[in-house]
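**Q** Attaching a predicted model along with its sequence, questions to come.
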Amino acid sequence: MSFDPDTATVLDLVAAHPATAAVFRRYDAAAGCCLLCQGLFETVSGLAARFGLDGQTLATDLLQAIAREKEEIR
């Protein structure tokens, strides 16, 4: 799965790359809620905008989690 924060939903991303769930959990405190509960069907960009998160940093953190996950599989 290629990752485009403007089109990838949280659900699609977590389903394809389970390691990204931990990234979303790390942002829960900043958002003031469980992002996986409240934003599962939103795009990553939409989620960041809705909860006042730095979308670029979130996307970078998600990409790093995906890369680590791929390395673990090898």
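**A** Yep, it's here.

**Q** nearest residue to residue 13 other than its sequence neighbours?
**A** Nearest residue to residue 13 in three dimensions, chain neighbours excluded: residue 20, at 5.2 Å (C-beta to C-beta, 6 or more residues apart in numbering). All C-beta spots, glycine's among them, are computed from the backbone N, C-alpha and C.

**Q** Read off the pLDDT value for the one you found.
**A** pLDDT for residue 20: 97.

**Q** oh, and call the first residue 53 from now on, that's how I've got it
**A** Taking 53 as the first residue, the last one we looked at is residue 72.

**Q** Correct me if wrong: it contacts residue 120.
**A** No. Contact criterion C-beta atoms under 8 Å: residue 72 and residue 120 do not qualify, at 10.2 Å.

**Q** Give me the more crowded residue out of the two.
**A** Comparing residue 72 with residue 120 by neighbour count (other C-beta atoms under 10 Å), the higher total belongs to residue 72, at 24 against 12.

**Q** Contacts only, for that one.
**A** 65, 66, 114, 117, 118, 121 (C-beta atoms under 8 Å, 6 or more residues apart in numbering).
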